[in-house]
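Enquirer: Next one to model:
(one chain, ligands or ions: 1)
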Amino acid sequence: MGKLVVLDHPLIQHKLTMIRNKETGTKAFRELVDEIAMLMAFEITRDLPLEEVEVQTPVAKAKAYQLTGKKLGIVPVLRAGLGMVNGMLNLIPAAKVGHVGLFRDPNTLKPVEYYFKMPTDIAERDLIIVDPMLATGGTAAETITLLKKHGAGNIKLMCLIGAPEGVKMVQEAHPDVDIYLAALDERLNEHGYIIPGLGDAGDRLFGTK
Ligand code: URA
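Expert: Residues are numbered from 1 along each chain as shown. Down below sits the predicted model:
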């Protein structure tokens, strides 16, 4: 079973409270999502492997460390996932970005792919899928399935808020994928919104409604 990690850093929790507030407007919402994504990226990269290197400082040789191992890829799920990309790239500027777009077929209610564009070396990268809301889990699970079909190995899922239903769905479908959230909320309502959540993440990020 994949790990479920709720990132309880005080700055993440404070900023999350601000984006939950319905009085927070589009500009502030977008800036805060950017900041939260950056803070979450900081936490999620805590276990990246390091190698020892020697570096010449202006005064002496130093034993130091640099990142080693696989390069990273960030995979935002369109459209709300886009709001989390820049914050992550601030910390991981060498990461490449792949995009996934899925819509729900009104008849089958199953997610259908309408856009999929990945870095060519996807199989050699560790991937972090980003989507603000993990609601039913259908989109996240399908995104993971698509990435695996294209050769992806190590995949993490990073969302701002998750519902227990979505966590369960992803954990059952993809037990190898760890899930990182800023908060695990109570439930989904009859329209598929997370309660209490923050409303429609895409609309709040982009000012649509
Ligand atoms: N997508 C959203 O944007 N919000 C929810 O609460 C659930 C899914």
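
Enquirer: How many residues are close by residue 187?
Expert: Using other C-beta atoms under 10 Å, residue 187 is surrounded by 12 other residues. The C-beta positions use only the backbone N, C-alpha and C, and glycine is treated the same way.

Enquirer: For the protein, which segments are assigned as helices?
Expert: Remark: helices assigned in the chain by DSSP state H are 10-20, 26-44, 85-91, 138-149, 164-173, 201-206.

Enquirer: closest one to the ligand among these?
Expert: Smallest distance to the ligand across these (C-beta to the nearest ligand atom): 3.8 Å, for helix 201-206.

Enquirer: Near the ligand, which residues of the chain? Just list them.
Expert: With C-beta under 6 Å from any ligand atom as the criterion, the chain meets the ligand at residues 80, 133, 135, 192-194, 197, 200-202.

Enquirer: before we move on, the earlier item: same list (the helices of the chain) but as JSON lines, adding mean pLDDT and mean neighbour count.
Expert: Shown next, in JSON lines, are those (pLDDT from 0 to 100; neighbours: other C-beta atoms under 10 Å):
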{"stretch": "helix 10-20", "mean pLDDT": "98", "mean neighbour count": "16"}
{"stretch": "helix 26-44", "mean pLDDT": "98", "mean neighbour count": "20"}
{"stretch": "helix 85-91", "mean pLDDT": "98", "mean neighbour count": "18"}
{"stretch": "helix 138-149", "mean pLDDT": "97", "mean neighbour count": "20"}
{"stretch": "helix 164-173", "mean pLDDT": "98", "mean neighbour count": "19"}
{"stretch": "helix 201-206", "mean pLDDT": "98", "mean neighbour count": "19"}
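
Enquirer: Now list the buried members of the residues of the chain next to the ligand.
Expert: 80, 133, 135, 193-194, 197, 201-202 (16 or more other C-beta atoms under 10 Å).
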